[in-house]
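*Asks:* would you be able to build a 3D model of this:
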Amino acid sequence: MSSEQHSESKRPSENLHESSLSLVVLFVSTLRCNPFAPGLDTSPAEAPCNPVSIEGVFRCMQVAYTFRDTSVYAPLLDEAFVFVYRDYDNGGIDVTWGRDTELRTTYGLFQNAQRLDLIWNNTIPTSGNSTPTDTVIVRGFNLTITFNPSDISRVDGYAKITFNKTSKKIIGWRDESNF
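*Replies:* Numbering: from 1, shown residues only. Coordinates of the predicted model:
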């Protein structure tokens, strides 16, 4: 029996199976690699943010919260950083803390949350707040904190942030939110 007669005598499903197998072998041999173990990507990674501008600092803060990463957040804060918020539960007094407490507090938030979504909204025009060395920005934000699927907190408000004009680091942050 000739080879032509032999292939004609096979069932159609056998021909399809052999054709499929041949295509896979041809594909894999053409790649000369394992398609299930792709090669290492050697292209340079793009930085998730670049804090050389005020808008870049806002983007880095968003990245730090998204990835819950204090190593991205810490370099944004000046050594003289001061955080201020109004404690309405204790007579409406202002509570302040410095950089070290801010980093510990933020680290605790990052560790205890499953997910953080920070959205920066509109910038509110301010007049007379900036100085020759500092820039003051008031910007709306929405922060969604997911501790677990049944415990989700939403914080909305404004952040009054003071930047050093030269270093672009955050010198002060006054939280004006509903939290």
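*Asks:* quick one: secondary structure of S167?
*Replies:* With DSSP: H, G, I helix; E, B strand; the rest coil as the basis, S167 sits in coil.
*Asks:* and it, how far from T106?
*Replies:* Separation of S167 from T106 (C-beta to C-beta, to the nearest Å) stands at 20 Å. For every residue, glycine as well, the C-beta is placed using N, CA and C.
*Asks:* who's more crowded, those two?
*Replies:* Shown here are S167 and T106; by other C-beta atoms under 10 Å, T106 has more neighbours (18 against 11).
*Asks:* now name the helix or strand holding that one.
*Replies:* Per DSSP states H and E, T106 falls inside helix 99-112.
*Asks:* now do the helix or strand following that helix, average pLDDT.
*Replies:* As assigned by DSSP H and E, the chain's next helix or strand after helix 99-112 is strand 115-124. Averaged across strand 115-124, the pLDDT comes to 96.
*Asks:* between strand 115-124 and the helix or strand just after strand 115-124, find me the angle.
*Replies:* Per DSSP H and E, the first helix or strand lying C-terminal to strand 115-124 is strand 134-148. Going by axes from the mean of the first three to the mean of the last three C-alpha atoms, to 10 degrees, strand 134-148 is angled at 150 degrees with respect to strand 115-124.
*Asks:* rounded mean pLDDT for strand 134-148, please.
*Replies:* Per-residue pLDDT over strand 134-148 has a mean of 96.
*Asks:* tell me what that strand is packed against?
*Replies:* Secondary-structure packing of strand 134-148 (3 or more C-beta pairs under 8 Å, 6 or more residues apart in numbering; DSSP states H and E): helix 54-67, strand 115-124, strand 151-164, strand 170-177.
*Asks:* in it, what's buried?
*Replies:* For strand 134-148, a neighbour-count test (16 or more other C-beta atoms under 10 Å) marks T135, V136, I137, V138, G140, F141, L143, T144, I145 as buried.
*Asks:* so what's the residue lying closest to the first one once chain neighbours are set aside bridging to?
*Replies:* Taking C-beta to C-beta, 6 or more residues apart in numbering as the measure, T135 lies nearest to F163, with 4.7 Å between them; neighbours along the chain are not counted. Using DSSP bridges, the beta-bridge partners of F163 come out as T135, I170.
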